[in-house]
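In: fold the stuff below for me.
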Amino acid sequence: MSEVNRMENPVVPRTLEEVNLLDPEIQECPYPAYDLLRTEAPVWKDPITGFYVITRFDHLREILLNTTDFKNGRGKYADTRIDKDRAMRMKELYEEKGWLPAPTLAGRDDPNHKQMRAMFDKAFAPKNIKNLDPFVENLAYRLIDAFIDDGQCDWVQQFAVPLPLITIGQQVGVPESDIWKIKAWTDAWVQRLGMMQTEEEERWSVEMEIEAQHYFQPIFERLRKEPDGTLLSEMVNREIPEWGRTLTDNELHAEMMADTFVGGSETSTNAISAGIMLLAQNPGVWAKLKADPDKYLRTFSEEVLRLEGPVQGLFRQVPEEVEFYGVKIPAGSVLNIRYAAANRDADEFECPAELNLEREKPGRHLGFGSGIHHCLGAPLARRELYWSFKAFVDRIEDFKLIEGRNNLRHQPNFCLRALKELHIEFTPKR
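Out: Numbers count the residues shown, from 1 in each chain. Reported below is the predicted structural model:
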């Protein structure tokens, strides 16, 4: 077992009044704030956002499994933005220059969600993930081999970003040469999700998404005429029986950005980045993993997802007033369910701040959610993490962070945890 290193001087709120989850300095090391909330106010109304922040593991599980009292769809109460006028201006921008994104799969409730998900379940069936496994394996070794002779790299930019993006691009028929263009679009989308933008910055994000829409629109139109068997071709052409139609352009554009490219790459990128950072900070774990990778790789991947949750938290809505563990939550309220806080709950995980390769039931964390909205791409993400860390162990004899080139800072974001860069130097295996 090994304790996960934290920032040298993290911001540690001592009272609830000092908790500000929109503060980039608290976001850098949010775990003391999560500890305080779990202990003193596990159902906490954030005075800044108005969200009810939920931080205990058993509370999150209850919410995720109760789709009656806690909704996920874009209904009457779905907008999490505080400035409604600003939200309306963004809507007008979409309608003027592109396509207003429809609710995504992740933003729908049953029966609508179940009907739409059936289309994706086929694409992500275990057989299809197994068939994709050799592609991910070969890609992982190819990416490492591209810089192995240099003796150093920026692990984020040279490996963690391209591996999942190339993988999802292969599934939807996007050429590998376009992945950095797509990365620019997904970064803009993620920044908007993070709720840390000025209105001018949000407008830039929307315009970047509209640029992506105009990239994909001709592809949709070509695939309607000439289906080619890719996942994107299935999305464009498969009719949802209960709806009596295929997806509209507005629905397709929403799926391409939110569920396919952001959902299909961001979690993996952030976890692959965090995993190597944790190994650098925990040399005992690195030695143990190297000694028996077959035994420990799966548990290591799950511990990375638990400890450095790529998705820190998402949202649910309350259509009717509900009392939840002594707190009355009015109709129309938004819940912020903090997966990353729940995954360090001492009532659920022994020594929760430790990276433990011997942990029992390592996959019990909520890194991929739970219930009907459990992440559709979780099996693929797990294979991406496995082959990333397997290739690293197989190709690297030893490594360390490059002194003076890492501050281990993350992108400011209310919802996600993304390491900006990770410069390492290494000795290749010969």
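In: all helices of the stretch 101-250 of the chain, in order?
Out: Assignment of helices within the stretch 101-250 of the chain using DSSP state H, counting those that start in this stretch yields the ranges 112-123, 126-147, 155, 162-172, 179-193, 199-225, 231-237, 249-254.
In: element containing the residue most central in space within the chain?
Out: When Cα atoms, centre = their mean is applied to the chain, the residue found nearest the centroid is Thr267 (3.4 Å). Following DSSP states H and E, the helix or strand that holds Thr267 is helix 266-281.
In: quick one: that helix to helix 179-193, angle?
Out: An angle of 90 degrees separates the directions of helix 266-281 and helix 179-193 when computed by axes from the mean of the first three to the mean of the last three Cα atoms, to 10 degrees.
In: extract the C-alpha set from helix 266-281 and format it as CSV.
Out: Included here for helix 266-281 are C-alpha records, laid out as CSV according to Å, rounded to 0.1, in the frame of the first residue of the first chain:
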residue,chain,number,x,y,z
GLU,A,266,-11.7,12.3,-22.1
THR,A,267,-12.1,9.8,-19.3
SER,A,268,-9.4,7.5,-20.8
THR,A,269,-7.0,10.4,-21.5
ASN,A,270,-7.3,11.7,-17.9
ALA,A,271,-7.0,8.3,-16.3
ILE,A,272,-4.0,7.3,-18.5
SER,A,273,-2.3,10.6,-17.5
ALA,A,274,-3.1,10.2,-13.8
GLY,A,275,-1.9,6.6,-13.7
ILE,A,276,1.7,7.5,-14.7
MET,A,277,1.7,10.5,-12.4
LEU,A,278,0.7,8.2,-9.5
LEU,A,279,3.4,5.7,-10.4
ALA,A,280,6.0,8.4,-10.3
GLN,A,281,4.7,9.6,-6.9
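In: hang on, the earlier thing: and the helices of the stretch 101-250 of the chain: which comes nearest Arg38?
Out: With respect to Arg38, and counting by Cβ to Cβ, the nearest of the helices of the stretch 101-250 of the chain is helix 179-193 at 24.2 Å. For every residue, glycine as well, the C-beta is placed using N, CA and C.
In: remind me what the closest one packs against, helices and strands.
Out: helix 162-172, helix 199-225 (3 or more Cβ pairs under 8 Å, 6 or more residues apart in numbering; DSSP states H and E).
In: what about the first one, average pLDDT?
Out: Average pLDDT, helix 162-172: 93.
In: cool, and stretch 139-151?
Out: Across stretch 139-151, pLDDT averages out at 98.
In: next one: stretch 351-358
Out: Computed over stretch 351-358, the mean pLDDT rounds to 97.
In: quick one: contacts of it?
Out: Under the criterion Cβ atoms under 8 Å, 6 or more residues apart in numbering, residues 1-4, 31, 278, 282, 285, 288-289, 296, 299-300, 303, 307, 343-346, 350 lie in contact with stretch 351-358.
In: related to what we said a few turns ago, counting by contacts, list what the helix holding Thr267 packs against.
Out: Helices and strands in packing contact with helix 266-281 are listed as helix 155, helix 162-172, helix 283-291, helix 293-307, helix 378-395, strand 396-401; criterion 3+ Cβ pairs under 8 Å, 6+ apart.
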